[in-house]
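Asks: have a look; sequence and predicted model below, questions after that.
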Amino acid sequence: MTTTTLAVLVPLLPFLGSAAGLLLGRTAPGFVRPLAVLPTLAAAVLAGVVAARQGGGKAIEAATQYTPTGSVPIDLSLYIDGFAALVAVLVGVVATCVQIYSTGYLRDDPRYPSYAALVSLFTSAMLLVVYSGDLMVLLVGWEIMGICSYFLVGHYWETPEARSASLKAFLVTKLGDVPFLIGLFALATDAGTFRITGVLGAVASGGIDHPTLIALLLLAGVAGKSAQFPLHTWLPDAMAGPTPVSALIHAATMVAAGIYFTARLLPVFAASAAAMTVLAVMAAITMVGSALAALAQDDIKRVLAYSTIGQLGYMAGALAVGDRGAAVFHLVAHGAFKALLFLAAGAVIHAAGTNSLTAMSRMSGLARRIPDAYWTMTVALLALAAIPPFAGFFSKEAVLVAAEHTALGERDVAPAGAGWTVLVAGLLTALLTAAYALRLWLRTFRGRGAEAPDHGRQPIAMTAVLWVLAIPSLGFGLTVTYLDDWFDGHPLTPTLTTAVLGTGLAVAGAAVTYAVWRTLAARTPVTAPVPHVAHPDAEAGQVEAEALRLPHPAEDPADPGRVLLGPLHGPAADGFHLDAVYRTAFVRPVLAAASLVRFLDREVVDTYVQAAGNSAKGLGWLVRRAQTGNAQTYLSALLAGSVVLAIVAVALANAAAGA
């Protein structure tokens, strides 16, 4: 079978599995789990075969014209280079792990068939984005992911939190998609094609007339999809969805799509120094702001959500300094350890049975009760904190090295100021990341909250997946010396300067956090018993759905984040009040305008409409009153009318004679 045929099957198989799962979900429920897992697993295997055949060498291309458009043509095309091949493997592996994990996590969920089908469709859409060689076909996958996220984040639709989170995710990402679509049309108009190779050729020959405008329009969509400042606010709230969905969105789909798109079209952005500077500033604010917010959260999933935003900021920073190899390398490494973090958090949810999604202030005794989640989450947090030799160290160092080269003028793809911005923000974020990662570990596995009843061992489908993802979280970075051919030939190995600075700051952040935690723990007594614990026989998904309905726990006085952040803790815990700013600047004016329009429609427009209707109604009433059905009445009226007409005629004749 040809490589092109295999590549076509990669996104097609999960799509067919999704369709079959929806059709057979009610009539043949026994087929739902195989239809969820096997097509996705087959797609992951085929993606691996395609990657092996591509081998980091010449890109694989194939195309056929979809239909004559009369202007810019749209092609069904594949374009698989080293970036696409590796990202497709990541998507397939993470999606397979999520589907397997979900068979245990949502075992008794009555909506599992639709959930599994949507996860498969989500996977298919992301694979379409990865392999597509035409921007319009890529846009199809881009928008399908948006609607899938809406349904999956709102899976527990009975709760107001899930409903509002799904709506917010949809609307905020659509806010970025509108200028994104305009930018795509403008780009295709200048280049004369939607084909990615054609667009890149037009950029190389100077055929793009409005590079800055186009790049900024496209960046709006990237900011929405990849949760970059200022359109990042939907991602922490999206934690209201099931934890496996969070793992899928944060590790391999949705948020990765914007970074991957920018890497694919990086020459378009690099054609404008202004756009690269904007991207660098956006990445820097995203990195530092999200790390500060993560340090203030009590919910473990919200910590991980802000962590994802920050790591995406690293990827955007690498793109801002013109190194898409470093960006995609970090994307792949991050996908492995972030999927592991979220799936391990799902195990914590079941074991803790806390009275919020997973409030760390209520946790105690989890290390010995869930050893699989404990050890694998420790590996993932070390990778997140960029401690060598874990995967996150090598991929984050690649970003810092790229920023260093640009800052020192060794690369001229982006302005030196963009390099310094990304480098300084990246080093500061390295310190903060280690701080919140250790804080999460201490409060989750060494917490002093009241211990919840033991819910028994986790399903093997959940624990096995954790160990599978622990392997790349630990060892993927060690392959850095063999990946140059896959990433434009640029070396991704760390340099002494950035390695010492980055690791030193990470160790310093962790050391200060540990010292503060020890001091606070010595002064703070054990907390009161947990007010609510889910039924011991409940599945993890049921525990999480129930937790959404329960109030947040009291503040934890042993939280080192309060001491480390000081007066910043309150604003950081609330995401620096950005939602309040949006409500004041955008939501309230729109609601006020809507109220005005409603008033004008009801009091002005409706008044005229109702007056016209009432006039016709009144005339009809008069006519109806005249129709009595009595012949004598009609003859009397006729005679009276004749007399009146005769009198009028005589009067007119006399007047005429007198004249």
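Replies: Looks like it came in fine.
Asks: where does pLDDT dip in the stretch 51-200 of the chain?
Replies: 66-67, 69 (pLDDT under 70).
Asks: can you give me the strands for it?
Replies: 60-67, 74-80 (DSSP state E, counting those that start in this stretch).
Asks: just name the most buried of the ones you listed.
Replies: Looking across the strands of the stretch 51-200 of the chain with neighbours counted as mean count of other Cβ atoms under 10 Å, the highest average goes to strand 74-80: a mean of 21. Just so you know, the C-beta spots here come from the backbone N, C-alpha and C atoms, and that holds for glycine as well.
Asks: what helices and strands are in contact with it?
Replies: helix 3-24, strand 60-67, helix 112-131, helix 135-153 (3 or more Cβ pairs under 8 Å, 6 or more residues apart in numbering; DSSP states H and E).
Asks: how far is it from where the chain is centred?
Replies: Computed by Cα atoms, centre = their mean, to the nearest Å, the chain-centroid distance of strand 74-80 equals 25 Å.
Asks: CA atoms only for that strand, dumped as CSV, please.
Replies: Taking Å, rounded to 0.1, in the frame of the first residue of the first chain, the C-alpha atoms of strand 74-80 are listed here in CSV:
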residue,chain,number,x,y,z
ILE,A,74,-9.5,24.4,-3.6
ASP,A,75,-7.5,21.1,-3.7
LEU,A,76,-7.8,17.9,-1.7
SER,A,77,-4.1,17.7,-1.0
LEU,A,78,-1.7,16.1,1.4
TYR,A,79,1.6,17.6,2.5
ILE,A,80,3.6,15.5,5.0
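Asks: list the contacts for the residue nearest to G104 when sequence neighbours are not counted?
Replies: Spatial nearest neighbour of G104, excluding adjacent residues (Cβ to Cβ, 6 or more residues apart in numbering): P459 at 3.2 Å. For P459, the contact set (Cβ atoms under 8 Å, 6 or more residues apart in numbering) comprises 104-105, 107.
Asks: want to throw the residues you listed into a markdown table with distance to W420 and neighbour count?
Replies: Shown next, in a markdown table, are the contacts of P459 (distance: Cβ to Cβ, whole Å; neighbours: other Cβ atoms under 10 Å):
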| residue | distance to W420 | neighbour count |
| --- | --- | --- |
| G104 | 48 | 22 |
| Y105 | 44 | 29 |
| R107 | 51 | 15 |
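Asks: S77 and E61 touch, don't they?
Replies: Yes - counting by Cβ atoms under 8 Å, E61 is a contact partner of S77 at 7.2 Å.
Asks: overlap in contacts of those two?
Replies: In contact with both S77 and E61: G133, using Cβ under 8 Å, 6+ apart.
Asks: which ones are touching Y150?
Replies: Under the criterion of Cβ under 8 Å, 6+ apart, the neighbours of Y150 are 166-167, 169-170.
Asks: and of these, the nearest to A656?
Replies: Among the contacts of Y150, L167 lies closest to A656 (Cβ to Cβ), at 79.6 Å.
Asks: gap between the closest one and R598?
Replies: According to Cβ to Cβ, to the nearest Å, L167 stands 21 Å off from R598.
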